[in-house]
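# Could you work out the structure for the sequence below:
(2 chains)
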Amino acid sequence: MRFSPAPTGSLHVGSVRTALFNWLYARHHGGTFALRIEDTDVARSRAEWVEGIQETLHWLGLDWDEGPVLQSARFDLYLAAAERLLAAGLAYECYCTEEEVRARNEAARAEGRTPGYDGRCRDLDAAERAALAAEGRPRTLRFRTPDEGVSSFDDLVRGPVSVEWAHIPDFVIVRSDGTPLFFLANALDDADMGITHVIRGEDLLDSTHRVLALRAALGAGDPPAYAHLPLIVGPDRAKLSKRHGAVALEEFRAQGYLHEALMNYLALLGWAPVGDGDDGNAGEVLDAGELVAAFDLDRVTHAAAAFDHRKLDWMNGEWIRRLSAEELEERVRPRARERFGDHLDDELMRGAVRIGQERAVTLASLVDQMGFLFVPDDDFAIEPESWERLQKVERVTEVLDASIAHLETCDWNADAIDLRPSIESLGLKPRKVMPALYAAVEGRHAGLPLFDSIELLGRDRSLARLRAARKRVTDS
RNA sequence: GCCCCCAUCGUCUAGAGGCCUAGGACGCCGCCCUUUCAAGGCGGUAACGGGGAUUCGAAUUCCCCUGGGGGCACCA
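Coordinates of the predicted model:
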């Protein structure tokens, strides 16, 4: 099997999901998984993306047995094949320019006719070709699709799929600059690499017929089995794209999603494991090993699946909770270091991770919450919204005074720090006034558990913040 | 416009003729717990697009309609 992205950008979650399904299937059945870079479009392909794609796949937890195979290094092979097709009359020289073809397609569309190459250069004789060439026109090689009959194949997830050849226009296999196109390279490489199963997105369903026709023309032997995955769509049911928010896997990584959560979530988009629980349902939280063991194509769904960021959030929290405290620290450290620089204190961070793990949604949110520990005291500030909340708290000055008094003398551990008795002695409900204390100490009205946070922050710093808040209330 | 694919709660899905008065998960709502809350527990809301046909019986099979999506490049 193979995953064959074009190195024209960072990997989209849809592409990653395709890579994942290929990997799961190969690993489940003990097959071979290769990475092939489809960089036949030299103008759009970039070496840095070849690197980036590998980095992303590795981060997710996918590995491959062969490659990366770069198609750009195999142009001679594709071009030789194209010459064979030309010599056999299965392809022909086309002198229509890209602009002309596009204009004729648009005209066809406007008149309600079907767009697609109109076959203008299909049956040129030698003299006509020479004349067009003499005009200095660019020359492409176009594959001659069968004139009649039906193309069909048995899709592993969709079953039989067929279309009449009459609907598939001739298509370019070698550009006017002499470089080969996707269809050609793809057909040849799949044959060459011994690919037996191709899993890819449904957006490629129609183009499968072209690849199949090329393979047949090339005498490339039995084609691989194809499985077309349902598309991943946005909330509006259209193909997932930038306008739907984060779509590149790297964006999710940057936002602090765990690779375990992404793999788990993506595996469940368009596939569901067979139920084995008491209620006949399978669990939702599955690690790579469990996914590999359970995966198969017969349980891939057919309808497009909408990407649900909220469910991903939930799943990420589940995975954060499954990490050991030590492991979570390792994941948090790099971004805490980046965020807080020299102000980061490893001991404090360790403590913050322990008290924050229980409720964290993403690594980023966790780092966000621990910020109050590392901000220099002179820079500490309460978020505007939280300050407003503090001011609205009933008898807030008394609450702050009582808290200060308690912290000045209590033992220094979370149990002793518990401020609730002090609040209750004022005849107030702790729940009602806690947001003010959160704001005063952590700078926000919701954050890491307060008493543990105060313990971590230390007596002096905690008292200083409470007194500052007290003074600010009086002054305002 | 033409071709292709698809159709169960808001979302991801289970369901392969009777086990379905349709199950689970996320979300949402309520209650409980609680050191705020973004965690946890319990409960609840919520779906087979429509019409025919086959059958004793259809979410499950077939047809039509409707709806949604994808494709129709010298991108992949």
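# And the helices in the stretch 1-150 of chain A, which stretches?
Per DSSP state H, counting those that start in this stretch, the stretch 1-150 of chain A carries helices over the ranges A:13-29, A:47-60, A:75-87, A:98-110, A:126-134.
# what bridges to A:Thr140?
Beta bridges link A:Thr140 to A:Cys94, judged by DSSP bridges.
# which stretches of the stretch 201-350 of chain A form helices?
A:207-218, A:249-254, A:259-267, A:288-294, A:309-322, A:325-340, A:346-356.
# For these, give me CSV that also has distance to RNA strand B and mean pLDDT.
Glycine gets a C-beta too; all of them are placed from N, C-alpha and C. CSV is the format used below for the helices of the stretch 201-350 of chain A (distance: least, C-beta to the nearest atom of the strand, whole Å; pLDDT from 0 to 100):
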stretch, distance to RNA strand B, mean pLDDT
helix A:207-218, 4, 95
helix A:249-254, 16, 96
helix A:259-267, 8, 97
helix A:288-294, 12, 96
helix A:309-322, 3, 96
helix A:325-340, 14, 95
helix A:346-356, 8, 95
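# want to throw the ones you listed into TSV with distance to A:Pro68 and mean neighbour count?
As requested, the helices of the stretch 201-350 of chain A are exported to TSV (distance: least, C-beta to C-beta, whole Å; neighbours: other C-beta atoms under 10 Å):
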stretch	distance to A:Pro68	mean neighbour count
helix A:207-218	21	20
helix A:249-254	17	18
helix A:259-267	20	23
helix A:288-294	21	16
helix A:309-322	28	17
helix A:325-340	26	16
helix A:346-356	36	19
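# With distance to A:His406 added, can I get those in CSV?
What follows is the helices of the stretch 201-350 of chain A, written out as CSV (distance: least, C-beta to C-beta, whole Å):
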stretch, distance to A:His406
helix A:207-218, 71
helix A:249-254, 41
helix A:259-267, 40
helix A:288-294, 49
helix A:309-322, 32
helix A:325-340, 29
helix A:346-356, 20
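# Please identify which of those is closest to A:Arg158.
helix A:207-218 (10.8 Å; C-beta to C-beta).
# Which residues does the closest one contact?
The contact list for helix A:207-218, computed with C-beta atoms under 8 Å, 6 or more residues apart in numbering, reads A:81, A:84-85, A:88, A:90, A:143, A:145-146, A:151, A:153, A:161, A:163, A:165, A:168, A:171, A:173, A:183-184, A:186-188, A:190-191, A:220-221, A:223, A:226, A:228.
# returning to what we had before: of all the helices of the stretch 201-350 of chain A, which lies closest to A:Thr8?
Ranking these by their distance to A:Thr8 (criterion: C-beta to C-beta) puts helix A:249-254 first, at 14.4 Å.
# From A:Ala133, how far out is the residue of chain A positioned farthest from its centre?
Within chain A, A:Ala127 marks the point farthest from the mean C-alpha position, 52.9 Å out by C-alpha atoms, centre = their mean. Using C-beta to C-beta, to the nearest Å, A:Ala127 is found at 11 Å from A:Ala133.
# Please apply the same query to A:Met349.
70 Å.
# Next: A:Asp189.
As judged by C-beta to C-beta, A:Asp189 and A:Ala133 stand 31 Å apart.
# more crowded one of these two?
A:Asp189 (20 against 13; other C-beta atoms under 10 Å).
# Considering the helices of the stretch 1-150 of chain A, which stretch scores lowest in mean pLDDT?
Sorting these by mean pLDDT places helix A:98-110 lowest, at a mean of 91.
# I am finished for the moment; much appreciated.
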